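1. Can you look at this prediction? I've put the sequence above it.
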Amino acid sequence: MKLEILSFDGKSFRADEVVSLTTMTSGGEITVLSNHAPLLTSLVPWVLSVVYTNQDRVTIRDTYAIGKGMLEVAHNEVKILLDALVSSKNVNVEEAEKAKQRALELMEKYKDSKDKVDMEKFIDAEDQLLKSIAQLKLWNLK
């Protein structure tokens with residue numbers, strides 16, 4: 001099975017011999033294997049795990065923290081478009097912790113506001129919280 005991942009932040013990943021891919025969708029966790037039925041689903045910020053065989057016939061497992069996105073499975077190919085893709089090698093725990101704290105503070109501020117809550121800002125803060133939690137989870141899996 002072939003895999004192509006593209007992200008808005010310019011990062012990408014490709015593999016031609018993927019054994020499995022596991023991640024979280026809006027409906028729950030899924031694993032995609034060869035000859036999977038056609039599927040189009042939304043992804044939520046979480047950890048994405050890919051098991052593939054490289055050119056030297058070595059099986060490798062890579063994990064990433066991902067943001068929101070879409071996953072499509074068709075004709076033994078998986079295509080993923082994401083708003084964030086962070087490899088386990090590039091996780092900055094200190095920055096992820098800071099982002100998590102900022103997001104929690106913003107959400108609390110918006111929640112306790114006497115004025116009308118700006119839902120767009122609240123949703124952005126929640127999205128940042130979920131992305132930072134995904135990076136921290138990825139770091140803890142090391």
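-> Great, that's in hand.
2. check contacts around the nearest residue to L130 once chain neighbours are set aside.
-> Counting by Cβ to Cβ, 6 or more residues apart in numbering, P45 is the residue found nearest to L130 once chain neighbours are left out, at 3.8 Å. Just so you know, the C-beta spots here come from the backbone N, C-alpha and C atoms, and that holds for glycine as well. Applying Cβ atoms under 8 Å, 6 or more residues apart in numbering, one finds that P45 lies in contact with A65, I66, G67, K68, A84, D127, L130, K131, I133, A134.
3. and those residues, which of them are in helices?
-> Residues of these located in helices (DSSP state H): D127, L130, K131, I133, A134.
4. Pipe those residues into a markdown table and attach pLDDT and distance to I5 per row.
-> Output for the ones in helices among the contacts of P45, formatted as a markdown table (pLDDT from 0 to 100; distance: Cβ to Cβ, whole Å):
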| residue | pLDDT | distance to I5 |
| --- | --- | --- |
| D127 | 88 | 19 |
| L130 | 90 | 18 |
| K131 | 90 | 16 |
| I133 | 90 | 20 |
| A134 | 92 | 15 |
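5. Could you provide those residues in a markdown table, with additional columns for neighbour count?
-> Written out in a markdown table, the entries for the ones in helices among the contacts of P45 read as follows (neighbours: other Cβ atoms under 10 Å):
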| residue | neighbour count |
| --- | --- |
| D127 | 17 |
| L130 | 16 |
| K131 | 24 |
| I133 | 18 |
| A134 | 24 |
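6. and the residue positioned nearest the centre of the chain, bridged to which residues?
-> Note on the chain: the residue nearest the mean C-alpha position is I66, at 1.8 Å, using Cα atoms, centre = their mean. Applying DSSP bridges to I66 gives these bridge partners: W46, L85.
7. can you give me the strands in this structure?
-> Using DSSP state E, the strands of the chain run over residues 2-7, 12-15, 18-25, 28-33, 39-43, 46-53, 59-66, 69-74, 77-82, 85-87.
8. of the ones you listed, which approaches L138 most closely?
-> Closest to L138 of the strands of the chain, according to Cβ to Cβ: strand 59-66, at 4.3 Å.
9. so who does the nearest residue to K100 once chain neighbours are set aside touch?
-> Taking Cβ to Cβ, 6+ apart as the measure, K100 lies nearest to S132, with 4.0 Å between them; neighbours along the chain are not counted. Applying Cβ under 8 Å, 6+ apart, one finds that S132 lies in contact with A96, E97, A99, K100, A103.
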